[in-house]
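J.: need a 3D model of the following:
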Amino acid sequence: MANEGKTIACGEYRREDHNHILYTPSKRSIQWIIGDQLGSSVAIVLILEGEHIDLRPLKEEDFEDFCVWYNDEQVTRYLGMKPLSRDKAKLEFNQLLNDQNGVYFGIIKKDEGRIIGYVFLTDILESHMVAQEFGIVIGDRNLWGHGYGSEATKIVLKYGFKHLKLHRIQLKVLDFNKRAQHVYRKLGFAEEGSQREARLVDGKWHNVLLMGMLKKEFES
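T.: The predicted structure is shown next:
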């Protein structure tokens, strides 16, 4: 098939010649279907570009990394859960891949070309233009505090508000995750309330903070 396997970046980030686009993607699509004049077609993968990272759709080949992250108690602690066995990690991973109401991107460190985590928008209410859950996991703990999470969050917010035309994006974060709270506030999320003692972590009850951002706040 002509052009099979070709990967480009789309959206506002980088775009190649689209003279032969035959089909228009749905709002949440992270693949474009293009074709040549003979009628053949090929899926084009959406890549969102940043300065130090790229975001591309999560895929089956990412499972081994995902399994390592979800078996790390320091990573899962901030997710309010215990480490997962390989079988349970596979179930969790498959749920992400098969989620028809969300978009999931692997975070690729540009200078190494490897995946270091993932970021997503899910529970999208199209009728209200709201993503009810934003989430991000930097699975490589050696890279915590280096700005990759902030950059990935910025890119996905831009994608959500400008490409998906969302009016509102919201998230939940554990009360002891001060680093994440600082990043979210710095990027413009407002704290809107809390769920008291909603998670039991390390034998202690913790509140879950509710935060949200409106499109007009992102653009201001």
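
J.: now do the SS call for R196.
T.: Following DSSP: H, G, I helix; E, B strand; the rest coil, the label given to R196 is strand.

J.: give me the pLDDT value at V208.
T.: V208 is assigned a predicted lDDT (pLDDT) of 98.

J.: domains of the chain?
T.: 1-46, 48-219 (automatic domain parsing).

J.: right, so those domains: which one is the most enclosed?
T.: Most buried of the domains of the chain, by mean neighbour count (mean count of other Cβ atoms under 10 Å): domain 48-219, with a mean of 17. The C-beta positions use only the backbone N, C-alpha and C, and glycine is treated the same way.

J.: quick one: that domain to chain centroid distance?
T.: Put simply, domain 48-219 sits 6 Å off its chain's centre (Cα atoms, centre = their mean, to the nearest Å).

J.: lowest average pLDDT across the domains of the chain?
T.: Lowest mean pLDDT within the domains of the chain: domain 1-46, a mean of 39.

J.: now what about stretch 191-207, what contacts it?
T.: Surrounding stretch 191-207, the residues in contact under the criterion Cβ atoms under 8 Å, 6 or more residues apart in numbering are 77, 80, 170, 172, 174-176, 185, 208-212.

J.: ok, those vs K154, which is closest?
T.: R185 (13.7 Å; Cβ to Cβ).

J.: got phi/psi on the closest one?
T.: phi -70, psi -40 (degrees, to the nearest 10).

J.: now do it against D140, distance only.
T.: In this view, R185 and D140 are 24 Å apart by Cβ to Cβ, to the nearest Å.

J.: can you check L84 too?
T.: Distance check for L84 against D140: by Cβ to Cβ, it reads 17 Å.

J.: what does G50 give?
T.: Distance of G50 to D140, computed by Cβ to Cβ: 16 Å.

J.: then Y184?
T.: Relative to D140, and taking Cβ to Cβ, Y184 is found at 20 Å.

J.: equivalent analysis for E61, please.
T.: Remark: distance between E61 and D140 (Cβ to Cβ) = 17 Å.

J.: ranges for the helices of this protein?
T.: Secondary structure of the chain (DSSP state H): helices at 63-69, 73-77, 86-97, 148-158, 178-187, 215-219.

J.: make TSV from the ones you listed and add distance to K110 to it.
T.: Shown next, in TSV, are those (distance: least, Cβ to Cβ, whole Å):
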stretch	distance to K110
helix 63-69	17
helix 73-77	22
helix 86-97	23
helix 148-158	10
helix 178-187	20
helix 215-219	24
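
J.: nearest residue to A180 other than its sequence neighbours?
T.: Counting by Cβ to Cβ, 6 or more residues apart in numbering, A180 lies nearest to V173, which is 5.1 Å off, once chain neighbours are set aside.

J.: let me know whether L55 touches K158 as I believe.
T.: No - L55 is beyond contact range of K158, at 10.6 Å (criterion: Cβ atoms under 8 Å).

J.: phi first, then psi, for G50.
T.: Backbone geometry at G50, expressed as degrees, to the nearest 10, gives phi -120, psi -170.
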